[in-house]
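In: What shape does this take:
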Amino acid sequence: MRNFYLLVVSALLISFTVAAQDPAIVTLEIVETPLTSGDLPFTASGQQVWGDYNNDGLLDFFQVSGQGTGAFSGLYKNNGNGTFTEVLTDITMLSLASAVFFDYDNDGNLDLLIAGSVDGTTTAALTELYRNSGAPDYTFVLNESATFVGISAEGGDNSSRLLEAVDYDNDGWTDVFMSGNSGSQWEVSGNSRVVALYRNNEGTFELQTKPVEGTENFVSMNGGGIHCGDVNRDGYIDMIVTGYVDGTVQTVTDLYLNKGDGTFKYFADSRTTFRGHCQGETIFADINNDGWLDIVEVGRDVNQGWASFANLYINNQDMTFTKSDGSVTGLVGGSAVIAAGDLNNDGWLDMVISGWGPNTTFFYNKGNNTFLVKAIDPDRARARAGNVNFVDFTKDGNLDFTIFGYRDGGGGTPENPTWPNFLLKNKLAEGIANNQAPSSPVNVLAKEQDGNVVLTWGKGNDDTTPADALRYNVYAKSKVDGKTFMFFPADAATGMLKAAVNGVRPLISGLTYTFKGFSLADYTFGVQSVDNAHTGSTFAIAKTSSIPIDPAIVTLEIVETPLTSGDLPFTASGQQVWGDYNNDGLLDFFQVSGQGTGAFSGLYKNNGNGTFTEVLTDITMLSLASAVFFDYDNDGNLDLLIAGSVDGTTTAALTELYRNSGAPDYTFVLNESATFVGISAEGGDNSSRLLEAVDYDNDGWTDVFMSGNSGSQWEVSGNSRVVALYRNNEGTFELQTKPVEGTENFVSMNGGGIHCGDVNRDGYIDMIVTGYVDGTVQTVTDLYLNKGDGTFKYFADSRTTFRGHCQGETIFADINNDGWLDIVEVGRDVNQGWASFANLYINNQDMTFTKSDGSVTGLVGGSAVIAAGDLNNDGWLDMVISGWGPNTTFFYNKGNNTFLVKAIDPDRARARAGNVNFVDFTKDGNLDFTIFGYRDGGGGTPENPTWPNFLLKNKLAEGIANNQAPSSPVNVLAKEQDGNVVLTWGKGNDDTTPADALRYNVYAKSKVDGKTFMFFPADAATGMLKAAVNGVRPLISGLTYTFKGFSLADYTFGVQSVDNAHTGSAFAIPSHETSARITQNDLDVMVFGKNGNIIITNRQSEPVSYKVISINGKNLMNGVCYGNDRLELPVTLKGLYVVQTMDMNRMKTDKVVIY
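Out: Model (predicted):
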């Protein structure tokens, strides 16, 4: 049942087909003076290609074009200020021409291949390769030893896409495909028409005369262009070519499928599936965002009297295609060139088609395989018989537009040009945000297999492009000489694509790629995501994988002199808590500990240079103690709650709250009006986790849970054992005496600690407590489920599910990375003669748990404290358990609910009866380690201490990169509902932690006084967590959170992702906040499901906007239903949907089930 549920949730993420909805239309503004000197050429019949030829991070362009004797070539350097400067070159001027930027020798510099006619005739066809000399001059030098067949476009209206450069055989060297006319008999075809493949053999190009099944060449043709892409998603690049063959066959489109062995297989259904044409273009493009390349075919069918047509072939993912012609899609055919990309930043591939027939027309993707048709504006940029590009030449993240060619009806003036050659900046439109780069792919693994290296990865994420529609780029970098083999030219450091994709150049469609003949010993590997606006993420570095594989073990190095003056205390039985108490962006720590009369408390300020300075305070010294940093008054400063014994006896138990005075002094001042029951740990071996601070009732104020011993009769329990909840009422704490169902208190116990987390993912924090109850019940573990109304329900199966213990700890932790909190229970079972045990309870997502004991998992039990976090940056939660029994042992998560067991090294940091922390005190992104307590066998010397108190820096291990912050959650929405504000969001992403395993943090910030209500203390500006999570403090597990009693009128909101190394992303601000004036459920709108459709019937005269949301909070579709109108929104999957309809003042929410 559990697996079925997961499949349903995953399936709901698949893209939906919706009724036609008009996309936004952008404004294109001509750059009137693009050159620092002179003008762009008045020309046609060629190509303008874009690439960063001089490695300065800006896209430059090269143009080669002309008809007859008017041949031209020119290189233009991007100055980064909106202008370009022509660079003089020795590159041959050609007409009827084509060009492509690529790095043929893998030196990191873009080289250039051009083809065309020297004098405008086919007999003067020429193909030349120019090598980029690199820094400092970046000169293009003719490679005279490269012998390609000379080709041109043959005629002015023919396609200028004669060249494609891509690594077809996965050997790391970029090969070349060509289609054109040689002007004389080509020895391979026996006529002048050319379709050729030149394999790049480590920088030398070799013509493949029998690339089809090893027995023959491709069928030769020209006139319709050549393109590549992985149409069947098998990890190998396929090829499609279109053109005129001969007087008998005339025009065809042929598809060749890459067999992965260096040859191709002809797709036998090519000529019955595709129409074939001349003077047009056939491209691969994922039109419906399902991650599979569809095919767009635009041109003129010579077989049907040169009839113009435009067909779209949707890839059915089984090597069949569903055809729609222009009467359905809106596409217009003719002699044309195409560019594709997300022009309006809505996540869908748009197109521009320019030529005789369509003239220059934009086709905005509606998301349902049809297009909104819009002629170019301004009209003076209209052209045909030239070239078009979608390219971000302004580097603002948005696709700009370039065009040159012949303009029918032109008057030869700047206002009415005959030969326009324009760069047009994309000014977007109202409400359209700049495109953002996608997140890197996740879980990138590299493994050796059959002499190759196979890369696999999980999907990246993006602000607009669906994860399914992202494409990918890969590299292999030599460990010897640094030479980088890049699938598509990109900057390995920044992720910037160094050549323009333009929607027609190939990237990787699937989630795997094989580098043939490479090894893990000699190369490192990287993978990046690319969105539909052709923006690349940073590269994620592949981790090496073999089966089985043990987790990496990090090196921990003691900070020998952590304090600027003095020593850390020799002590045990207490807690060290970390938090940025002075708001300088560095985690400081407070320690309260001791046994008997040796009570201690101390505050230590992080200096940011690896040292700490003790800060004098008036904080009471306590033993058998606990502490927690939290912001109880929501002033942005960390306050401090402590509990323990003044003299080491239970009768002297004390709990005190200290308010942080804030800048400039950040002094902790006792809040004498805060009256908590005094508690301590009772005994030196008992758990010191007596306090938990979390907002349990979602009102924006952090509440306090306590479990300990009061030393005398507590009025609520009638004995000395305490389990208490103090509700924070706007800064005043109120004891809740009947938090369970409103009728009784929690069962009182102490000795095993108290923790909180949302175990059932309903958006409300639950609580688990462990300890000794009395001589009859003895030790138990009790789980209480938050009802969302301020009370809890006892989990009736608690004592049959969990074992119960004293002197240990029971924590919530997502051990298997499925996004659901599991439970780890470590301690000593008084009911079984104080037997030590360690159990792992995997959450089955239905409030049942699968138990594994230490003999299976490797965990070791005893009197212990736990810290959890991703210590080795592999994305999995590791643990350290310290105490009598496990001593101090690290448990590295293997990813299969078992652990690699490793005793602490160095041994002199071993301790028990104290405290442990996973905390990044060095601020390098990696979890460091701290420990104090008693060390059995110690000799009382620095080399052999009896009371170690150490800070240990995580030095990682060879091959482990520093942890990076996750990306922010996506599609963050805030809506009012029943007097509350409900936040929903889509998953963030991370370099190592899977998206499913990310946790979240939220805030609400007052628009009136700026007071910020933060679920877990964090810096709203930077996303830094201001207190250490340590793997045991609660965050949000699900994808929704309700702020009770808040409004959109008075507050702004934010959501951040947190990875398994407890690093927070920046906060994402909700992008679709509905007005605070909106009231619920009085719209005259009917919403229901029927025959696989969501039906919206608007029975009022005013229009309403609608939004369809999946069960995980993802916004699937939105639009407008006009007055007295009815919409049918087809959905492809069965399941539950939420539909919101709203006008200016009212909102209605409906749940619709599609059967």
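In: Y1000 contacts T984, doesn't it?
Out: No - the criterion here is Cβ atoms under 8 Å, and Y1000 misses it with T984 at 11.0 Å. Every C-beta, even on glycine, is put in place using the N, C-alpha and C of the backbone.
In: Between those two, tell me which one has more neighbours.
Out: Y1000 (27 against 24; other Cβ atoms under 10 Å).
In: In the strand or helix carrying the more buried one, which residues are buried?
Out: Y1000 belongs to strand 999-1006 when assigned by DSSP states H and E. Residues of strand 999-1006 classed as buried: 999-1005 (neighbour count, 16 or more other Cβ atoms under 10 Å).
In: give me the number of residues near N315?
Out: With other Cβ under 10 Å as criterion, N315 counts 23.
In: Determine which residue lies closest to the centroid of this structure.
Out: With distances taken as Cα atoms, centre = their mean, the chain has N989 as the residue nearest its mean C-alpha position (3.1 Å).
In: where in the stretch 201-350 of the chain is pLDDT low?
Out: Nowhere does the stretch 201-350 of the chain drop to pLDDT under 70.
In: ok, the residue nearest to the centre of the chain to G788 distance?
Out: Computed with Cβ to Cβ, to the nearest Å, the distance linking N989 and G788 is 29 Å.
In: cool, S152 as well?
Out: 72 Å.
In: before we move on, what about Q1140?
Out: 21 Å.
In: thinking again about what came up before, mind listing what the residue nearest to the centre of the chain touches?
Out: N989 sits next to 439-440, 442, 460-461, 966-967, 995, 998, 1057 when contact means Cβ atoms under 8 Å, 6 or more residues apart in numbering.
In: measure stretch 43-52 end to end?
Out: End-to-end distance for stretch 43-52, by Cα to Cα, to the nearest Å: 23 Å.
In: oh, I was asking about stretch 976-990
Out: First-to-last distance for stretch 976-990 - Cα to Cα - comes to 30 Å.
In: Go through that stretch and flag the buried ones.
Out: For stretch 976-990, a neighbour-count test (16+ other Cβ under 10 Å) marks 976, 981-990 as buried.
In: circling back: could the buried residues of strand 999-1006 be laid out in TSV, adding pLDDT?
Out: TSV is the format used below for the buried residues of strand 999-1006 (pLDDT from 0 to 100):
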residue	pLDDT
R999	98
Y1000	98
N1001	98
V1002	98
Y1003	98
A1004	97
K1005	96
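In: hang on, the earlier thing: can you tell me which of the buried residues of stretch 976-990 lies nearest to G70?
Out: N989 (50.6 Å; Cβ to Cβ).
In: Quick check: the closest one vs L497, distance?
Out: 19 Å.
In: Now for the nearest residue to F1013 once chain neighbours are set aside, how many residues are close by?
Out: Leaving aside its sequence neighbours, F1013 sits nearest to G700 (Cβ to Cβ, 6 or more residues apart in numbering; 3.2 Å). When neighbours are defined as other Cβ under 10 Å, G700 has 23 of them.
In: V388 now?
Out: Residues near V388, counting by other Cβ under 10 Å: 24.
In: Equivalent analysis for V1008, please.
Out: If we define neighbours as other Cβ under 10 Å, then V1008 has 8 of them.
In: give the contact list for it.
Out: Counted by Cβ under 8 Å, 6+ apart, V1008 has contacts D1050.
In: Report pLDDT for it.
Out: Model confidence at V1008, given as pLDDT, is 89.
In: quick one: secondary structure of it?
Out: Recorded secondary structure, V1008: coil (DSSP: H, G, I helix; E, B strand; the rest coil).
In: ok, it to R505 distance?
Out: V1008 is 52 Å from R505, where distance means Cβ to Cβ.
In: Check N443 too.
Out: 27 Å.
In: same deal with A493?
Out: Counting by Cβ to Cβ, the gap from A493 to R505 is 22 Å.
In: ok, the two, which is more surrounded?
Out: More crowded of A493 and R505, by other Cβ under 10 Å: R505, with 25 against 8.
In: Please name the residues that touch the more buried one.
Out: R505 makes contact with 164, 166, 488, 499 under the criterion Cβ under 8 Å, 6+ apart.
In: any idea which of those residues is the one closest to E614?
Out: Nearest to E614, judged by Cβ to Cβ, of the contacts of R505 is F488 at 55.0 Å.
In: Thank you kindly, that will do.
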